[in-house]
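**Student:** quick one, structure for this:
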Amino acid sequence: MSAPQPLQIREANAHLAAVHRRAAELEARLDAAERTVRAQAERLARHDQQLRAALDELGRAKDCELAALQEQLLTSEATVHSLQAAVRQRDELIGQLQPRAELLQDICRRRPPLAGLLAALAEAERLGPLPTRDPSHPLPGGPSPRLANSTGEEEDRDHLQPAVFGTTV
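**Tutor:** Numbering: from 1, shown residues only. Here you go, the predicted model:
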């Protein structure tokens, strides 16, 4: 076999040097790609951790809000029951007071005639009783004593009281 020629050796050396450079360049690119992938993985891990923390915080906030709403619901239900009991008590009281109100309305409707009657009774009281006369001397033109204070069946009774008006209402 013959020895390679110097041109072939130079070409081979140049080719080896180019392959070596290309290998070094690819290794550098691989290292850079690995660093990029590691950095992205770290960023994704941090982001995932932040999202998990935010999700946990949202869960805690939801649980707190749910507990507060549950408490508010219980308080509202207690208030509703209390108000319903108060309404029932007031309805019972209204039921008890209704007949009295109707009686008072009836009294108010009858008040004007009653006031007139009371005024007439007061006038009669102011006038006083009739003067007592001797039964043997009746007033001229007046009723006989038997008609003034008698029902007709009691002709022999002389102990009848004269009419006296009073206001004992």
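**Student:** could you use CA atoms for every contact and neighbour count after this?
**Tutor:** Noted.
**Student:** how about low-confidence regions in this protein?
**Tutor:** For the chain, the stretches with pLDDT under 70 are 1, 133-169.
**Student:** quick one, helices of this protein?
**Tutor:** 6-127, 145-148 (DSSP state H).
**Student:** would TSV of these with mean neighbour count be doable?
**Tutor:** Formatted as TSV, these follow (neighbours: other CA atoms under 10 Å):
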stretch	mean neighbour count
helix 6-127	12
helix 145-148	14
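**Student:** pop out the phi and psi values for Pro131.
**Tutor:** Backbone torsions for Pro131, taken as degrees, to the nearest 10, come to phi -70, psi 140.
**Student:** what about it, how many neighbours?
**Tutor:** Neighbour count of Pro131, defined by other CA atoms under 10 Å: 7.
**Student:** for the remainder of this discussion, apply numbering that starts at 853.
**Tutor:** Done: numbering now begins at 853, and the last item shifts to Pro983.
**Student:** how close does it sit to Ala971?
**Tutor:** 22 Å (CA to CA, to the nearest Å).
**Student:** next one: Gln936
**Tutor:** According to CA to CA, Gln936 stands 50 Å off from Ala971.
**Student:** how about Glu894?
**Tutor:** 107 Å.
**Student:** also Asp883?
**Tutor:** Counting by CA to CA, the gap from Asp883 to Ala971 is 123 Å.
**Student:** cool, Ala953 as well?
**Tutor:** 26 Å.
**Student:** next one: Ala864
**Tutor:** Per CA to CA, Ala864 is found 149 Å from Ala971.
**Student:** now swap in Glu923 and tell me
**Tutor:** 67 Å.
**Student:** equivalent analysis for Leu979, please.
**Tutor:** The span separating Leu979 from Ala971 equals 12 Å under the rule CA to CA.
**Student:** report the separation between Leu878 and Arg942.
**Tutor:** For Leu878, the distance to Arg942 (CA to CA) stands at 92 Å.
**Student:** next one: Ala870
**Tutor:** For Ala870, the distance to Arg942 equals 104 Å [CA to CA].
**Student:** please apply the same query to Asp958.
**Tutor:** 23 Å.
**Student:** likewise Ala913?
**Tutor:** For Ala913 relative to Arg942 (CA to CA), the value is 42 Å.
**Student:** repeat that for Ala920.
**Tutor:** 32 Å.
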